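>>> Got a sequence here, can you model it:
(2 chains)
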Amino acid sequence: MMLPAAGVVFALAWIYPSHALYFHIGETEKKCFIEEIPDETMVIGKYRTQLWDKETNSFLPATPGLGMHVEIKDPETKIILSRQYGSDGRFTFTSHTPGEHQICLHSNSTKMALFAGGKLRVHLDIQVGEHTNNYPEIAAKDKLTELQLRVRQLLDQVEQIQKEQNYQRYREERFRMTSESTNQRVLWWSIAQTLILLVIGIWQMKHLKSFFEAKKLV
Amino acid sequence: MYGSFRLLLQVLSAQLLCVWVLGSELTFELPDNAKQCFYEDIIIGTKCTLEFQVVTGGHYDVDCRLEDPEGTTLYKEMKKQYDSFTFTAAKNGTFKFCFSNEFSTFTHKTVYFDFQVGDDPPLFPNENRVTALTQMESACVSIHEALKSVIDYQTHFRLREAQGRSRAEDLNTRVAFWSIGEAMILLVVSISQVVLLRSFFSDRKTTTTRVGS
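Just a heads-up that it's a prediction; the model follows:
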């Protein structure tokens, strides 16, 4: 009676893989995700890939030899991580400048785009900031009681909020600079265009008057 | 025998708890005429929330559709900028949600979504709660929930600000481009007007038409 229950629990634990969300991409397709984060923020990404098998019409559980190339660009489009991982991988990076970081994944399939009809199922999980902390591990390492661990979690959350607020201030400054630049441009170009209009008008009249006088029509 | 079985059950429940992941939030670019689908395996009875917001692109709208394992549409909205949908999984299996930009011919959209499945895993996976939470602990729990909601609001504010800023930057480049363009058009048109007018009068020296009136 107890054993079937344990069997169900065991089965459920393995049917649903631990990586949550998944999506499908072509074999040679590149998929990019954007993470807008403040500076000094840690990002951990975990993925798992499965290849579509035409014979069994299902996704194979694991394909050795299939790797994913992970490329991460910082807000200045400079590459900060460009590495090949296996079909199951874990990548991590810490941002040094605030802004939009781009995380791109594509498989290391050597087939040409035209001939590769394969589909890949990619399970992806990206955790940012305080979600990257593994609290049971921290508790074991620093020997914290439950209350201390909870307070530690709250401190991490508050630190993340502070970083985000600081980043928000930096962005508002950029936004204000852009708006002021637009304002300046509108002002100066309107004045310039009005002046051009006046100068051109005067020139036209003067030129035509001298032209008609030369032609003895006036 | 009973003790070892209990241990086995605890280990297996801990494994099962690992399945309840926090939730995924991703920001991705949706090209024009494209559709992107995401899938998640959900256990029956889990409370899930799907939130999405369009960050940049066109009229900042996207089509969103959520289907259960049997293909029944649970949520379908066309051309929405931001929405939040909570549901409880009525079936076991793979739920699918798709974002579509098929109505747009040339604008790429950047879409943010946050799909929360179930509750957060507990801080201590192996705890057996024999006693109720102390006052300090329950205060910590409520602060934690409040801070989570602050972080959520911050995220949505950041996305709105990104939207506003992208519009402002777009406006800035457009103003520069069109101002220079208009100045050039002005010069070209006025000079060609004069040249054209001159060409009307240049080979008609003999015919004195009523130019003066």
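>>> What strand or helix carries the closest residue to chain A within chain B?
As assessed by CB to the nearest CB, chain A sits closest to residue B:179 within chain B, at 3.6 Å. All C-beta atoms are positioned from the backbone trio N, CA, C, and that covers glycine. Taking DSSP states H and E as the definition, residue B:179 sits inside helix B:135-202.
>>> roughly how far out does that helix sit from the chain middle?
Using CA atoms, centre = their mean, to the nearest Å, the mean C-alpha position of helix B:135-202 is found 18 Å from that of the whole chain.
>>> so for it, what's the average pLDDT?
The average pLDDT within helix B:135-202 is 91.
>>> Repeat that for stretch A:95-108.
89.
>>> Could you give me the buried positions within that stretch?
For stretch A:95-108, a neighbour-count test (16 or more other CB atoms under 10 Å in any protein chain shown) marks A:95, A:98, A:99, A:100, A:101, A:102, A:103, A:105, A:106, A:107 as buried.
>>> Output the below-cut-off pLDDT ranges for chain A.
The model of chain A has pLDDT under 70 over residues A:1-19, A:110-117, A:218.
>>> The residue of chain A found nearest chain B - how many residues pack around it?
In chain A, the residue that lies nearest chain B is residue A:189 (3.6 Å; CB to the nearest CB). Neighbourhood size, residue A:189 [other CB atoms under 10 Å in any protein chain shown]: 17.
>>> any chance you could map the helices in chain A?
With helices called from DSSP state H, chain A shows them at A:2-15, A:135-142, A:146-214.
>>> Could you export the ones you listed as JSON lines, including distance to residue B:199?
What follows is the helices of chain A, written out as JSON lines (distance: least, CB to CB, whole Å):
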{"stretch": "helix A:2-15", "distance to residue B:199": "84"}
{"stretch": "helix A:135-142", "distance to residue B:199": "84"}
{"stretch": "helix A:146-214", "distance to residue B:199": "11"}
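>>> Identify whichever of the ones you listed lies nearest to residue B:173.
Counting by CB to CB, residue B:173 lies closest to helix A:146-214 out of the helices of chain A; the figure is 9.2 Å.
>>> From the chain's centroid, how far away is that closest one?
Distance, centroid of helix A:146-214 to centroid of chain: 25 Å (CA atoms, centre = their mean).
>>> That helix - contacts with which helices or strands?
Applying 3 or more CB pairs under 8 Å, 6 or more residues apart in numbering or on different chains; DSSP states H and E, one finds that helix A:146-214 contacts helix A:135-142, helix B:135-202.
>>> 10 Å instead?
Contact here means 3 or more CB pairs under 10 Å, 6 or more residues apart in numbering or on different chains; DSSP states H and E; on that basis helix A:146-214 packs against strand A:30-37, strand A:99-107, helix A:135-142, helix B:135-202.
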